[in-house]
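In: coords please:
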Amino acid sequence: MYTDKFDTDWESLTVDEASRRAYALGVSDSLGEPMPEEFDRIKDEIGKAYDRSLVELAYEEGRTRARELSRDAETDSEDNVWNALVEAEPITTGFGDPDETGIPKAVTLGDFLDPPGDGLDKVKLPEFLTRRQG
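Out: Residues are numbered from 1 along each chain as shown. Below is the predicted model:
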């Protein structure tokens, strides 16, 4: 199943691509088709420990969702589970709604690092530093 959707002769991966593949590998593993070599190769491609932990989390989420869906009477076959989790939906890892790339917002950088406002708001002191004590 995994090799039908994803090629295994990749040269490099972004964290987003690695997370998608790890999720699909988790689903595949839960359905009885583990590919530990491919998963290890994906983890080795990711340099930062934080990013590697996101990839591992995506893998575990894929395994968990596949197990849960396998218990459902409507998705009794492996193909149905695979299609429901990997083919039919954007691959997410369960941390909120995916953005346009398919990666959940909870595993992407938030907007808290963006500078506040436009114009002079960027250089003004915060209001709590300019308050007068009365």
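In: just say helix, strand or coil for Trp10.
Out: coil (DSSP: H, G, I helix; E, B strand; the rest coil).
In: and it, how far from Glu17?
Out: Distance from Trp10 to Glu17, counting by C-beta to C-beta, to the nearest Å: 8 Å. The way it works is simple: take the backbone N, C-alpha and C, and place the C-beta from them, glycine included.
In: between those two, which one's more packed in?
Out: Glu17 (17 against 14; other C-beta atoms under 10 Å).
In: where does that one sit, in terms of helix or strand?
Out: Assigning secondary structure by DSSP states H and E places Glu17 in helix 15-30.
In: can I take it that Arg65 is in a helix?
Out: Yes: assessed with three-state DSSP, Arg65 lies in a helix.
In: apart from its chain neighbours, what residue comes closest to Tyr2?
Out: Excluding the flanking residues, the one nearest Tyr2 by C-beta to C-beta, 6 or more residues apart in numbering is Ser28, at 4.4 Å.
In: how many residues are close by that neighbour?
Out: Neighbour number of Ser28 under other C-beta under 10 Å is 27.
In: now the chain, which segments are flagged as low pLDDT?
Out: Counting by pLDDT under 70, the chain shows low-confidence ranges at 73-76, 89-122, 133-134.
In: would you map the strands across the chain?
Out: For the chain, applying DSSP state E gives no strands.
In: near Arg65, how many other residues are there?
Out: Neighbourhood size, Arg65 [other C-beta under 10 Å]: 22.
In: would you mind confirming that it is in contact with Val86?
Out: No: applying C-beta atoms under 8 Å as the test, Arg65 and Val86 come out as separate, 9.9 Å apart.
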